[in-house]
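Enquirer: need a 3D model of the sequence below.
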Amino acid sequence: MDTKIVVLAFVALEIVALWFAWRAISSARTSQGAVGWVVFLITAPYLGVPMYLFLGHHKFKHYLIARRDSEEIIEGVKTFKEANAPTSAPVFPVQAFEKISELPAARGNNMTLLVDGKDTFDAIFTAIDAAETYVLVQFYILRDDGLGCSLQDRLIAAAARGVTVRLMFDAVGSAKLSHAYQERLREAGVQVVDPKSVRGPKNRFQINLRNHRKTVVIDGKVGFTGGFNVGDEYLGLDPEFGDWRDTHALLEGPIVSQLQLIFAEDWHWATNEVLIDDLDWEAPHAPEDMTAMIVPTGPGDEMETGALFFFSAISAAKHRVWIASPYFVPDTDVLTALKHAALRGVDVRILVPEVIDHKIPWLAAFAYFDEIRAAGVQVWRYKPGFMHQKVVLVDDDFAAIGTTNLDNRSFRLNFEAMAAFFDARPAAATAAMLEKDFDRAWMLDRTLAEQPRHIRIGAPIARLFAPVL
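Expert: Numbers count the residues shown, from 1 in each chain. Coordinates of the predicted model:
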């Protein structure tokens with residue numbers, strides 16, 4: 001090859017690397033992430049430039065939050081807060097969560113835990129079959145398999161009854177979803193957002209900034225959110241993952257209106273269509289009268305809301321913090337909060353899977369375990385199959401179920417949502433559920449130096465990717 005061409009190509013690559021390095025400096029969500037990208041891009045542009053195409057672009061500029069841009073919605077949230085204010089202040093502090101979410105904690109709610117796939121999708125399908133006016137559905141992963149076809153049949157049947165059905169899914173998470181699956185829904189009258197027309201990541205060269213939310217809302221009265229996507233593996237039918245362990249929540253009360261608002265914001269971003277006047281915002285109060293709220297987080301927020309959610313929950317703990325997450329790649333602040341809670345004498349437990357689905361974050365977690373265990377944090381590894389639930393339990397009066405993992409991707413790169421309950425009853429139910437999980441797990445008692453060679457070597461290398469995992 002001509003030497004001049006090689007030199008010109010190298011110079012062009014260096015110019016691109018410098019441009020990407022500037023983008024990283026000006027837009028990365030953390031200084032660690034910016035430094036990592038700059039060093040990688042400048043020292044190894046032939047690797048750094050392709051990697052940045054996949055993993056860069058950390059801030060999501062111009063994401064339009066309906067609450068911030070609409071006087072009608074701002075006034076509606078104010079009215080909602082006044083109408084649904086708790087009759088007495090919750091034991092667990094709510095102020096930080098209200099500021100993070102820009103939504104108020106509300107009374108009149110109920111939450112039913114849905115453990116594992118059969119119970120979850122039985123409940124979702126029953127609710128869809130009973131829908132009278134509309135169904136809103138959003139998943140990160142939607143597959144054209146047995147479970148996906150069951151959902152498809154229910155949505156088509158609902159549309160045939162005259163119910164308005166809207167469906168969204170993430171373009172990257174659902175990249176393998178067939179065109180025929182989507183067309184069958186559209187031909188039946190289901191409004192399906194074309195992910196190729198949505199602003200934001202559309203292909204695997206833009207794998208950051210995903211919409212990781214899982215939402216189902218029926219008639220504005222019943223809602224679902226949690227860890228489940230739509231695929232046969234979530235029913236435990238994939239032998240590679242074994243007995244899939246996950247948790248969803250059935251929601252009733254004003255919290256459903258908040259979950260619906262987050263769906264409406266995502267729909268507006270994807271389609272530029274405003275749904276506010278088409279939806280019912282008067283979710284009836286549940287007799288259980290629990291105080292609760294949705295805490296949505298994402299890269300479009302001005303603050304680091306995903307990390308702040310965990311930091312706020314952990315720092316408020318007095319005697320217990322139990323967190324279940326498939327991934328453990330925390331940032332410095334959350335890592336410090338966990339260690340500080342344990343040093344204060346709080347019972348801090350992290351439940352993670354023994355089974356691997358993504359090798360790099362699984363390995364990276366081992367690079368943190370020695371540090372937190374030295375402070376008194378217990379690390380438990382779930383054995384029977386892959387554990388995918390996202391659950392936070394603090395003391396005896398705070399429980400949160402949703403989509404947010406304990407990792408940097410959920411903290412800063414994904415759009416997420418947690419259903420947070422400030423009440424002893426859901427906390428007790430969540431504690432009982434997690435105790436059963438601990439019975440099927442083993443507590444880590446080995447340091448990184450005592451692990452097999454591939455973990456000893458792989459963990460510190462994988463940790464280098466922590467800012468983008």
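Enquirer: number of residues surrounding the residue nearest to Gln451 when sequence neighbours are not counted?
Expert: Distances taken as CB to CB, 6 or more residues apart in numbering put Phe366 closest to Gln451, at 6.4 Å, once the chain neighbours are dropped. No exception for glycine: its C-beta is placed from N, CA and C like everyone else's. A total of 22 residues lie near Phe366 under the criterion other CB atoms under 10 Å.
Enquirer: give the buried residues for the helix or strand encompassing Phe366.
Expert: Here Phe366 is covered by helix 359-374, with elements defined by DSSP states H and E. Buried positions in helix 359-374, judged by neighbour count with 16 or more other CB atoms under 10 Å: 360-370, 372-373.
Enquirer: the residue nearest to Gln451 contacts Ile455, correct?
Expert: Yes. Between Phe366 and Ile455 a contact is recorded at 5.4 Å, counting by CB atoms under 8 Å.
Enquirer: between those two, which contacts overlap?
Expert: Taking CB atoms under 8 Å, 6 or more residues apart in numbering as the contact definition, Phe366 and Ile455 share the neighbouring residues Leu448.
Enquirer: give me the phi and psi for the closest residue in space to Val163 that isn't next to it in sequence.
Expert: By the measure of CB to CB, 6+ apart, the closest residue to Val163 outside its immediate chain neighbours is Ala131, 4.9 Å from it. Its backbone dihedrals place Ala131 at phi -60, psi 140, with angles given as degrees, to the nearest 10.
Enquirer: and for the one 5 residues further on?
Expert: The phi/psi pair for Leu136 (degrees, to the nearest 10) reads phi -110, psi 130.
Enquirer: and Arg166, what does it touch?
Expert: Taking CB under 8 Å, 6+ apart, we find Arg166 in contact with Tyr134, Val135, Leu136, Val137, Val190, Gln191, Val193, Trp267, Leu275.
Enquirer: so where is the stretch 1-150 of the chain shaky, pLDDT-wise?
Expert: Per-residue confidence of the stretch 1-150 of the chain (counting by pLDDT under 70) places the weak regions at 1-2, 6-7, 10, 26-33, 36, 46, 48-49, 51-74.
Enquirer: quick one, strands of it?
Expert: Secondary structure of the stretch 1-150 of the chain, counting by DSSP state E, counting those that start in this stretch: strands at 106-115, 134-139.
Enquirer: relative to Ala337, which of the ones you listed is closest?
Expert: With respect to Ala337, and counting by CB to CB, the nearest of the strands of the stretch 1-150 of the chain is strand 106-115 at 24.9 Å.
Enquirer: partner strands of the closest one and their direction?
Expert: Paired strands of strand 106-115, with direction, are strand 247-252 (antiparallel), strand 290-297 (antiparallel) (DSSP bridges).
Enquirer: in it, what counts as buried?
Expert: Ala106, Arg107, Gly108, Asn109, Asn110, Met111, Leu113, Leu114, Val115.
Enquirer: now do stretch 240-256
Expert: Those buried within stretch 240-256 under the rule 16+ other CB under 10 Å are 241-242, 244-256.
Enquirer: go through the residues you listed and say which is closest to Ile218.
Expert: For the buried residues of stretch 240-256, the minimum distance to Ile218 (CB to CB) is 8.7 Å, reached by Val256.
Enquirer: I'd guessed that closest one sits against Pro284; true?
Expert: No. When contacts are counted by CB under 8 Å, Val256 is not listed as touching Pro284 (9.4 Å).
Enquirer: overlap in contacts of these two?
Expert: Lys221.
Enquirer: and this protein, what are its domain boundaries?
Expert: If the domains of the chain are taken from automatic domain parsing, they occupy 3-55, 66-93+104-292, 305-468, with pieces of a single domain joined by a plus sign.
Enquirer: JSON lines for those, including distance to Gly298?
Expert: Output for those, formatted as JSON lines (distance: least, CB to CB, whole Å):
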{"stretch": "domain 3-55", "distance to Gly298": "11"}
{"stretch": "domain 66-93+104-292", "distance to Gly298": "8"}
{"stretch": "domain 305-468", "distance to Gly298": "4"}
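Enquirer: that older thread, among the buried residues of stretch 240-256, which two are most distant?
Expert: With distance counted by CB to CB, no two of the buried residues of stretch 240-256 lie farther apart than Gly242 and Pro254, which are 38.1 Å apart.
Enquirer: for the helix or strand containing Trp380, packing partners?
Expert: Taking DSSP H and E as the definition, Trp380 sits inside strand 378-382. Using 3 or more CB pairs under 8 Å, 6 or more residues apart in numbering; DSSP states H and E as the contact criterion, the secondary-structure elements in contact with strand 378-382 are strand 347-353, helix 359-374, helix 424-439, strand 441-443.
Enquirer: for the second one, packing partners?
Expert: In this case it means helix 359-374. Secondary-structure packing of helix 359-374 (3+ CB pairs under 8 Å, 6+ apart): strand 328-329, helix 332-343, strand 347-353, strand 378-382, helix 453-463.
Enquirer: out of the ones you listed, which one sits most buried?
Expert: Burial of the helices and strands packed on helix 359-374 is given as mean neighbour count (mean count of other CB atoms under 10 Å); strand 328-329 ranks first at a mean of 27.
Enquirer: how far off centre is that one?
Expert: Shown here is strand 328-329, whose average C-alpha point lies 14 Å from the average C-alpha point of the whole chain (CA atoms, centre = their mean, to the nearest Å).
Enquirer: surely the residue nearest to Val163 and Gly220 touch.
Expert: No. The criterion here is CB under 8 Å, and Ala131 misses it with Gly220 at 10.5 Å.
Enquirer: higher neighbour count, those two?
Expert: Counted by other CB under 10 Å, Ala131 and Gly220 do not tie: Ala131 has more neighbours, with 23 against 19.
Enquirer: the residue nearest to Arg245 when sequence neighbours are not counted: neighbour count?
Expert: What sits nearest to Arg245 in space, not counting adjacent residues and going by CB to CB, 6+ apart, is Met387, at 4.2 Å. Other residues near Met387 number 28, with proximity taken as other CB under 10 Å.
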